[in-house]
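[1] Got a sequence here, can you build the structure:
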Amino acid sequence: MTVEILQVADQVAREKGIDRKVVIEAMESAIQTASRKKYGANKNIQARFDPKSGEFQLNQLREVVDLDQDEDLDFDEDIHISLEKALTMNPEAVPGDFIAEQLPPMEFGRIAAQTAKQVIVQKVRDAERERIFEEYADRQGEMVNGLVKRVERNNIHVDLGRTSGFLPHEEQLPREHYRPGDRIRAFIKEVREVTRGPQIILSRTHPQMVVRLFEMEVPEIYDGIVEIKAVARDPGHRSKIAVRSNDAHVDPVGACVGMRGSRVQSVVTELQGERIDIIEWSHDPAVFVCNALAPAEVVKVVVDEEDRNIKVVVDETALSLAIGRRGQNVRLASELTGWRIDIITEQEERNLREEMFGELQQTFMKDLDLGEEVAAVLVNEGFTSAEEVAYVPLNELTSIEGFDEEIAQELRNRARDTLLQQALQTEERKAELHIDERLAQLGLLTDDALIALAEKNVNTLDDLADLATDELVEMFDGELTTEDAETLILGARRAAGWFDDEEETA
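    Below you'll find the predicted structure:
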């Protein structure tokens, strides 16, 4: 009997790919369930397989209780045993212990045997599902090969061997069609644990699929010599990957392209002809953006690091190439680099520069009471505000052609007078609006921002604390980030005493 049971356990474990102990535990659980049908559902019965005798031992477990001390107990002989009786069976028994009494072996009837079979099947199935989930959960982000099992409403069920994968319609490339029996390669996007078993969600549109394909085709990437730093993808149409080399003697772009384009062509073929741009990654964002916009040639870039925005100037003839069809090239370049990219022509850039020049010139003429020529000189020298003129070293102003020490000092004095007058006007306006001084102590809010809020009836800590995050962001027309808005509102609530010490700690 021992040999037969162990052989069955070994066979089931081998076929299902699970541990033999799990199969034996399933058998024990089945015997336990079936025995309750004979001896009573209320009994606490434990089944254990004895590998020496090859038999299943049945024990009834009963809890030791002291009836003298626990008079309110609803005593049940099926699950309880008195302390007096327990001491006759085990002299060391104390209340709370369990006494095991062996039951005689039972002969299984048809119903009991059927019940046992159902329990074994269910337990083995649950163990198999758990093993598959653990296996594929660890493989999330990898590539798998399979056979198309069936197609339902454009969704594809893929046979992966021991289990099935699910390729939704939205995760498939445009214009590709599969029939049952076709071989398919896909990326494991997600592994979900649902009641029916693990659900393996596959994808052929995920950007990381491009990375995995290049790892398979390019030995330098697999070995870590060449590294893929970023990827952007318009599935089925175009992808951009940024690569860098950890070895000065290895060209990262050439390694990915391969001899006569053999390596990249293998990836393109797998992705149904999707165009792939391989770009050299750079620490310098300006260089990286220029590379990312290839094949368009860039004339000039202006980097705004604070807003992570880059203005790219191109020749009129290269504008359509830089933008790409329906904005595809610039959109992918922006996604690849993580910078917002604005593309303008040289003529547009000149117009913007002239417009900005005129605005700054008019500002200096008005604020410092200057003539056109002197204001133009200041703009040409790179000055953009009265504050810069007020506090620039005197020798820098005198070094400008046509500016002697007297003119330079006069310019600084006029700029400082302007700043003082503006500050006085700001304080007067803040007083008129009755702005709570504690608002300024929160940080992030300039005087202009405080006035703008007060003009919208937000001039105290409680007024600011009452606002929702999206309301505050809307008041600044989106110029304030959600994170900064949350910080301001939370700071106002703290300063206004909305939280006690326990709430603050929480």
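
[2] In contact with residue 405, which residues?
    394, 398 (C-beta atoms under 8 Å, 6 or more residues apart in numbering). Every residue, glycine included, has its C-beta placed from N, CA and C.

[3] distance of it from residue 412?
    Separation of residue 405 from residue 412 (C-beta to C-beta, to the nearest Å): 11 Å.

[4] how much space between residue 43 and residue 79?
    If you go by C-beta to C-beta, the gap between residue 43 and residue 79 works out to 7 Å.

[5] Tell me which of the two has more neighbours.
    Neighbours were counted for residue 43 and for residue 79 using other C-beta atoms under 10 Å; residue 43 has more, 19 against 15.

[6] nearest spatial neighbour of that one, skipping sequence neighbours?
    Nearest residue to residue 43 in three dimensions, chain neighbours excluded: residue 78, at 4.9 Å (C-beta to C-beta, 6 or more residues apart in numbering).

[7] Look up which helix or strand that neighbour falls in, please.
    Using DSSP states H and E, residue 78 sits in no helix or strand.

[8] Got the confidence number for it?
    Here, the pLDDT recorded for residue 78 equals 71.

[9] Surely it touches residue 39?
    No: contact criterion C-beta atoms under 8 Å: residue 78 and residue 39 do not qualify, at 9.1 Å.

[10] Could you give the backbone dihedrals for residue 383?
    phi -80, psi 140 (degrees, to the nearest 10).

[11] what's the neighbour count on it?
    Neighbour number of residue 383 under other C-beta under 10 Å is 21.

[12] Okay, it and residue 375: tell me how far apart.
    Taking C-beta to C-beta, one finds residue 383 at 9 Å from residue 375.

[13] hang on, the earlier thing: what do residue 405 and residue 412 both touch?
    By C-beta under 8 Å, 6+ apart, residue 405 and residue 412 have these common neighbours: residue 394.

[14] For the stretch 401-506 of the chain, give me the ranges with low pLDDT.
    478, 500-506 (pLDDT under 70).

[15] Contacts only, for residue 398.
    404, 405, 408.

[16] try it again with 6 Å
    If you count contacts by C-beta atoms under 6 Å, 6 or more residues apart in numbering, residue 398 has them with 405, 408.

[17] go on, residue 397?
    Contacts of residue 397 (C-beta under 6 Å, 6+ apart): 403, 408.

[18] part of a helix, is it?
    Yes: Residue 397: assigned to a helix according to DSSP: H, G, I helix; E, B strand; the rest coil.

[19] And it, how far from residue 365?
    17 Å.

[20] Also residue 82?
    From residue 82 to residue 365 the distance is 106 Å (C-beta to C-beta).

[21] Can I get the helix or strand residue 34 falls within in PDB, CA atoms only?
    Counting by DSSP H and E, the element that carries residue 34 is helix 20-39. The C-alpha trace of helix 20-39 is given here as PDB (Å, rounded to 0.1, in the frame of the first residue of the first chain):
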ATOM      1  CA  ARG A  20       5.200  15.400  -3.700                       C
ATOM      2  CA  LYS A  21       4.600  16.600  -0.100                       C
ATOM      3  CA  VAL A  22       1.800  18.800  -1.500                       C
ATOM      4  CA  VAL A  23       0.100  15.800  -3.100                       C
ATOM      5  CA  ILE A  24       0.400  13.700   0.100                       C
ATOM      6  CA  GLU A  25      -1.100  16.700   2.100                       C
ATOM      7  CA  ALA A  26      -3.900  16.800  -0.500                       C
ATOM      8  CA  MET A  27      -4.600  13.100   0.100                       C
ATOM      9  CA  GLU A  28      -4.600  13.600   3.900                       C
ATOM     10  CA  SER A  29      -7.000  16.500   3.500                       C
ATOM     11  CA  ALA A  30      -9.200  14.300   1.300                       C
ATOM     12  CA  ILE A  31      -9.300  11.400   3.800                       C
ATOM     13  CA  GLN A  32     -10.000  13.900   6.600                       C
ATOM     14  CA  THR A  33     -13.000  15.300   4.700                       C
ATOM     15  CA  ALA A  34     -14.300  11.900   3.800                       C
ATOM     16  CA  SER A  35     -13.900  10.600   7.400                       C
ATOM     17  CA  ARG A  36     -16.100  13.400   8.800                       C
ATOM     18  CA  LYS A  37     -18.900  12.100   6.600                       C
ATOM     19  CA  LYS A  38     -18.700   8.800   8.500                       C
ATOM     20  CA  TYR A  39     -17.800   9.900  12.100                       C
END
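
[22] Can you list the buried residues in the helix or strand just after that helix?
    Remark: after helix 20-39, the chain's next helix or strand is strand 45-50, criterion DSSP H and E. Within strand 45-50, the residues that count as buried by 16 or more other C-beta atoms under 10 Å are 45, 46, 47, 49.

[23] Show me what the third one bridges to in the sheet.
    Beta-bridge partners for residue 47, by DSSP bridges, are residue 58.

[24] start to end distance for stretch 168-181?
    By C-alpha to C-alpha, to the nearest Å, the extent of stretch 168-181 from end to end equals 18 Å.
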